[in-house]
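Peer 1: need coordinates for the below:
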Amino acid sequence: MSPLPLPPVAAPYQLPFHYGALHTIGLDHLVDPDPVREVLAKHHPALTAADFDGRCLVSLNYQLYFAQYGFGGGITQEIEVNIVAYPTASAHRLPEVDYRQYAQGYDQTRLLGIARIHVLCDNALAIDAGRRLYAEPKYPGWFEVEMPSLNGPAGDTWNVRCLAAEAAEDGGIARRDTALFSFRAELDGLAPVPSNNAPITGYGTDAAGLALAGPMNVYQPYRWYDLDGPASGRARLTVHDATSDVGEHLLRLVGDAPAAGAWTFQSPPVAAHNRPYYLA
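Peer 2: Numbering: from 1, shown residues only. The predicted structure is shown next:
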């Protein structure tokens, strides 16, 4: 078999894309496999949904990130609805891991990746880049968020609310008042486990039906929280608009299944402006 060419890098973009800062939380739901397999086959026919003791894994992933460009800086928020899957043709290379082992990064082949079903984003440039570079099903959305911060009240609770948006005539994003879905994760007091789960392989399928994989490196460990047992109920997903495509999929794929785990990453600060003092 001859080597495959690399996917083209659409102008004016260049790769890799470097993040200046990243704040993210993911929620993992172990769910009934039949709807997951049906949806995955429609969106990514070259992939197979991972099996974790008879359950499949649907993962939501919110990101807030900063990037510096030649013309200045930009801040982007997005959320992905993913199915954890692997290339069907590479099934013979797949290690046997359970969910906890997967969440902590035991799969060093990185074949277990995220097959994107929905990606909602508040930055038109990031939407275009995601579609053209990684074949992401990316479209406008906007967010109301409360999250842990060194500049905010103490605590480790995340509230993420995703609302509808559309492309604006000026090339930006026009917000709408319709709430699509939200989740809350109360991680206060829970002991996280360092998780070497990067690079994360993101799978896409382009308009020609070609499957591609785009790894994302994160240069420090994630913090994984086991939400089974005593921590059950610490995270809650709510669908506000069941008529939307993403709401319909969330109800069908996740429903009322509890979150099995949560994982977070927050970039460390690089500088601090300290409290002033009086000159006598």
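Peer 1: quick check: most distant residue from the centroid of the protein.
Peer 2: residue 280 (52.0 Å; Cα atoms, centre = their mean).
Peer 1: so for that residue, what's the pLDDT?
Peer 2: On the pLDDT scale, residue 280 is placed at 89.
Peer 1: who touches it in this structure?
Peer 2: If a contact means Cβ atoms under 8 Å, 6 or more residues apart in numbering, then residue 280 has no contacts. For the C-beta atoms, the positions are set from N, CA and C on the backbone; glycine is no exception.
Peer 1: and it, how far from residue 193?
Peer 2: Separation of residue 280 from residue 193 (Cβ to Cβ, to the nearest Å): 50 Å.
Peer 1: ditto for residue 226
Peer 2: On the measure of Cβ to Cβ, residue 226 and residue 193 end up 7 Å apart.
Peer 1: between these two, which one's more packed in?
Peer 2: residue 226 (19 against 16; other Cβ atoms under 10 Å).
Peer 1: which ones are touching that one?
Peer 2: For residue 226, the contacting residues are 100, 190, 193, 261, by Cβ under 8 Å, 6+ apart.
Peer 1: what is the distance between stretch 115-126 and the centre of its chain?
Peer 2: Chain-centre distance of stretch 115-126: 10 Å, with Cα atoms, centre = their mean, to the nearest Å.
Peer 1: neighbours of residue 135, how many?
Peer 2: By other Cβ under 10 Å, 22 other residues sit near residue 135.
Peer 1: what's the answer for residue 35, then?
Peer 2: Neighbour count for residue 35, taken as other Cβ under 10 Å: 17.
Peer 1: so it is in which element?
Peer 2: Using DSSP states H and E, residue 35 falls within helix 33-43.
Peer 1: same question, residue 214
Peer 2: With secondary structure defined by DSSP H and E, residue 214 is part of strand 211-216.
Peer 1: centre of the chain to that strand, how far?
Peer 2: 14 Å.
Peer 1: quick one: average pLDDT of it?
Peer 2: Strand 211-216 comes out at a mean pLDDT of 97.
Peer 1: again, but for stretch 157-172
Peer 2: The model assigns stretch 157-172 a mean pLDDT of 96.
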